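*Asks:* Provided below for reference: sequence and predicted model.
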Amino acid sequence: HVAPVSAEQGVGIEDLLGMVETVLSDQMVEADVVMPYGNGELLNLWHKQGIVEEESYTEEGVHVRGRIPKWLLGPLGEESPGEESPGEETLDEGE
């Protein structure tokens, strides 16, 4: 990816920001899970590394929907990118 930029003249900044957003977005996937309350560490990681679009508290745990980096799919117990998502999934502590 190449974006000609001149900070002095203010040229190309918008193109660069758009390119960075696209690259980062390509590394993220949609996720929708229910995490048991004991998985606060994973929830904190989602908040730091991903985008939380919706978060609610249920009897089963914390329901979170949003975008996460692909590498976080494994710890969350989600499907691999490109596979059909089974919908909400409850994670057992320790996974």
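*Replies:* Good, I have the coordinates. Residues are numbered from 1 along each chain as shown.
*Asks:* switch to C-alpha atoms for all contacts and neighbour counts from now on
*Replies:* OK.
*Asks:* how about the strands in the chain?
*Replies:* 28-35, 51-57, 62-69 (DSSP state E).
*Asks:* Residue 37 and residue 63 touch, don't they?
*Replies:* No - at 10.0 Å, residue 37 does not count as touching residue 63 under the criterion of C-alpha atoms under 8 Å.
*Asks:* show me the biggest helix of this protein in terms of residues.
*Replies:* Among all segments of the chain classified by DSSP state H, the helix with the greatest residue count is helix 13-26.
*Asks:* what's the distance between the residue lying closest to residue 64 once chain neighbours are set aside and residue 65?
*Replies:* The spatially closest residue to residue 64, leaving aside those adjacent along the chain, is residue 55, at 4.5 Å (C-alpha to C-alpha, 6 or more residues apart in numbering). Look at residue 55 and residue 65: by C-alpha to C-alpha, to the nearest Å, they are 7 Å apart.
*Asks:* neighbour-wise, which of the two wins?
*Replies:* residue 65 (18 against 14; other C-alpha atoms under 10 Å).
*Asks:* residues contacting the more buried one?
*Replies:* 30-33, 52-55 (C-alpha atoms under 8 Å, 6 or more residues apart in numbering).
*Asks:* Count residues in the vicinity of the nearest residue to it once chain neighbours are set aside, would you?
*Replies:* Excluding the flanking residues, the one nearest residue 65 by C-alpha to C-alpha, 6+ apart is residue 32, at 4.3 Å. Other residues within reach of residue 32, judged by other C-alpha under 10 Å, total 23.
*Asks:* Tell me if I'm right that residue 32 and residue 63 touch.
*Replies:* Yes - between residue 32 and residue 63 there is a contact at 7.4 Å, judged by C-alpha under 8 Å.
*Asks:* neighbour-wise, which of residue 37 and residue 63 wins?
*Replies:* When neighbours are counted by other C-alpha under 10 Å, residue 37 and residue 63 differ, and residue 63 comes out ahead with 21 against 17.
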